[in-house]
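1. Model the following, please.
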Amino acid sequence: MTFGRFHLESTSDLSQSHSVVPARPSSHTSGPSDKKKHSQKIHCRWIFLTYTDSSFEQEDDFVNGFRAMLERNSLASSTFFGCREDHTEGGVLYHVLLHLGKQVNWKVSTAHRYLVVSDNPHESINIITRYPEVKYPDFIHSHVEYCEQVALDDCFGICPNISAAQVARYTRKWVEVGQQPTKAAKRVKLIELLPHEYDRDFDSIESALDYEHRRED
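-> Below you'll find the model as predicted:
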């Protein structure tokens, strides 16, 4: 099993790290941590969105709704690239890498108000922004590759340009992770070099680590 090509599980339980911000409050009563979470700022040009429990069964309907949302919020110059994913327990997810065309400075509540696509009260949005230590080309490439793997290259929107040098640099990071001798060492290197991937695909990565080092314990 090649470590970098692990099976991608559903992302409905995205890691709630400091870079993953739910844009719609959960149904339970908000506590202090929830208030703090929703007062955080989104200050960036690129974001990765996952819409869960979408009411749009058909991809074209979601894409049209997404475009309408951008136009409604004076973001029509934005570009996006994404995919549809069937949830293993039913329902549909949509993943979208969005280039806003300008740097925004939104509160999470503002992002929710702007980015909601449907009127489904159960639809929720996970927003991933770039870690400070991650370069934008790496952030972009990571999520483009993710969508292509989920949808088997059957994606929608405009794919960002990714240079051959960027692909090679990204691949070298996975190679460096794979060269680590132990499960713990691989995990440390993943968090150092590929923090978005580790957070986003936590369950799949941990399963791959367990498989590769099944004789280690």
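
2. This protein: helices as residue ranges?
-> With helices called from DSSP state H, the chain shows them at 32-38, 59-72, 108-115, 136-150, 164-178, 183-193, 195-200, 202-212.

3. okay if I get the ones you listed as JSON lines plus mean pLDDT?
-> Shown next, in JSON lines, are the helices of the chain (pLDDT from 0 to 100):
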{"stretch": "helix 32-38", "mean pLDDT": "45"}
{"stretch": "helix 59-72", "mean pLDDT": "95"}
{"stretch": "helix 108-115", "mean pLDDT": "88"}
{"stretch": "helix 136-150", "mean pLDDT": "92"}
{"stretch": "helix 164-178", "mean pLDDT": "85"}
{"stretch": "helix 183-193", "mean pLDDT": "91"}
{"stretch": "helix 195-200", "mean pLDDT": "86"}
{"stretch": "helix 202-212", "mean pLDDT": "86"}
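
4. ranking the ones you listed by burial, who's on top?
-> Ranked by mean neighbour count, the helices of the chain are led by helix 195-200 with a mean of 22 (mean count of other C-beta atoms under 10 Å). From N, CA and C alone the C-beta is placed, and that goes for glycine too.

5. What are the contacting residues of stretch 169-177?
-> Outside of stretch 169-177, the residues within contact range by C-beta atoms under 8 Å, 6 or more residues apart in numbering are 3-4, 138, 141-142, 145, 186, 189-190, 193-194.

6. hmm, I was thinking of stretch 133-151
-> 8, 45-46, 48, 81-85, 95, 97, 128, 130-131, 155, 159-160, 162-163, 166-167, 169-170, 194-197, 200-201.

7. And it, how far out from the chain middle?
-> Offset of stretch 133-151 from its chain centre (C-alpha atoms, centre = their mean, to the nearest Å): 8 Å.

8. what's the answer for stretch 200-207, then?
-> Offset of stretch 200-207 from its chain centre (C-alpha atoms, centre = their mean): 13 Å.

9. What residue spans form the domains of the protein?
-> 17-161, 163-217 (automatic domain parsing).
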